[in-house]
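Engineer: Show me how the following folds:
(one chain, ligands or ions: 1)
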Amino acid sequence: MSDQSVFDVDVWTLTRFVMETGRKAKGSTGELTQLINSMLTAVKAISSAVRKAGLVHLQGLAGQVNVTGDDQKKLDVLSNDLIINMLQASYGTSVLVSEENKDAIITPAEKRGKYVVCFDPLDGSSNIDCLAPIGTIFAIYKRASDGDPTDQDALQPGSQIVCAGYALYGSATLVALSTGAGVNFFMLDPDGSAPYGARYVGSMVSDVHRTIAYGGIFMYPANEKSPKGKLRLLYECNPIAFLIEQAGGIATTGTQRILDIKPETLHQRVPFVVGSQDDVEEYLSFVKKHQK
Ligand code: AMP
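Structural biologist: Numbers count the residues shown, from 1 in each chain. Model prediction:
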């Protein structure tokens, strides 16, 4: 069996899992299932691009024209384009919010569906050059209104998330997915090398995944340099907070549950502390004790 077929078999398992949970969801039309599967197809394409791109990045060629005259698209731009194309082609979305785009992206009228997707196409992409793991993060919401779609549709608290997930393009590619009934993990390419031992590499998906897998705490709290924290609520903190809670952990700003925040702007930042219940509670009591 070739590497490629092993890869495909596992993606099929993930696709089948999503289809089965969709069939079990009462009254489902298949729209969400199609949407999630389109997102996973984009993830699979990004995974393959990330692996091939390592050399191009190391050679400093990304963003330039290659010898055959093709643009060597930067990986984050390529990943963003792939996700937008796949999501719009799923006929399940109306509004997309991407870390790469200042404004919300409104799906053309003929391709619209009832969901909003907020995503970070390639979180930690500044890590590509040092070959540290990078990831994709996403959260799916139902539109709250029926009128013409606007960016306001995306300003929903994380507690309204229908499905969230991340892909980690590490030593192997892994997908974590939750539709509100726990978290499931899938390896996209089990032929990848042994589990990594990365710790605080500064790539949130990688650090968070380690926290979910082994326990502990991950935080980017407010500090003098970043008084509102550094991480973005809609496409970084909310999806991760949803997954962390589904895995039995806590996600907080230090004073408020992340999923209860009513967003005000598309790219707003929040302080972010997530991890196992014991560790986050210990952090909170420590902060309380030392607050002036
Ligand atoms: P739909 O008609 O496909 O838009 O689905 C309606 C609702 O059923 C969704 O908003 C979810 O709450 C649930 N649902 C649909 N498909 C799935 C799935 N694959 N996994 C879990 N829940 C689903």
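Engineer: The longest strand along the chain pairs with which strands, and in what direction?
Structural biologist: Counting residues, the longest strand in the chain under DSSP state E turns out to be strand 112-123. Pairing partners of strand 112-123, with direction, according to DSSP bridges: strand 93-98 (parallel), strand 134-142 (antiparallel).
Engineer: Mean confidence (pLDDT) on the first one, please.
Structural biologist: Right, the one you point to is strand 93-98. Mean per-residue pLDDT for strand 93-98: 98.
Engineer: so how far is the longest strand of the chain off the chain centroid?
Structural biologist: Put simply, strand 112-123 sits 9 Å off its chain's centre (Cα atoms, centre = their mean, to the nearest Å).
Engineer: next one: stretch 110-120
Structural biologist: On Cα atoms, centre = their mean, the centre of stretch 110-120 falls 15 Å from that of its chain.
Engineer: which stretches of this structure form strands?
Structural biologist: Using DSSP E, strands in the chain cover 93-98, 105-106, 112-123, 134-142, 163-169, 173-178, 184-187, 217-220, 250-252, 272-275.
Engineer: Among these, show the one with the smallest mean pLDDT.
Structural biologist: strand 184-187 (a mean of 86).
Engineer: Just the CA trace of it, in PDB.
Structural biologist: What follows is strand 184-187 as a C-alpha-only set of coordinates in PDB (Å, rounded to 0.1, in the frame of the first residue of the first chain):
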ATOM      1  CA  ASN A 184     -12.500  13.300  18.400                       C
ATOM      2  CA  PHE A 185      -9.000  13.100  16.900                       C
ATOM      3  CA  PHE A 186      -8.000  11.800  13.500                       C
ATOM      4  CA  MET A 187      -4.500  11.200  12.100                       C
END
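Engineer: Each with direction, which strands does that strand pair with?
Structural biologist: As assigned by DSSP bridges, strand 184-187 forms pairs with strand 173-178 (antiparallel).
Engineer: does the strand it pairs with come close to the ligand?
Structural biologist: No - residues of strand 173-178 are not located near the ligand by Cβ under 6 Å from any ligand atom, the shortest gap being 9.1 Å. Just so you know, the C-beta spots here come from the backbone N, C-alpha and C atoms, and that holds for glycine as well.
Engineer: what angle sits between that strand and strand 163-169?
Structural biologist: 170 degrees (axes from the mean of the first three to the mean of the last three Cα atoms, to 10 degrees).
Engineer: Go through strand 173-178 and flag the buried ones.
Structural biologist: Under the neighbour-count criterion of 16 or more other Cβ atoms under 10 Å, strand 173-178 has Thr173, Leu174, Val175, Ala176, Leu177, Ser178 buried.
Engineer: any chance of those residues in TSV, with distance to Arg51 too?
Structural biologist: Below are the buried residues of strand 173-178 laid out as TSV (distance: Cβ to Cβ, whole Å):
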residue	distance to Arg51
Thr173	8
Leu174	14
Val175	15
Ala176	19
Leu177	21
Ser178	26
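Engineer: rewinding a little: flag every buried residue along the longest strand of the chain.
Structural biologist: The neighbour-count check on strand 112-123 (16+ other Cβ under 10 Å) flags Arg112, Gly113, Lys114, Tyr115, Val116, Val117, Cys118, Phe119, Asp120, Pro121, Leu122, Asp123 as buried.
Engineer: Just give me the neighbour total for the closest residue to the ligand within the stretch 51-200 of the chain.
Structural biologist: At 3.5 Å from the ligand, Thr179 is the closest residue in the stretch 51-200 of the chain, using Cβ to the nearest ligand atom. Other residues near Thr179 come to 22 when the count uses other Cβ atoms under 10 Å.
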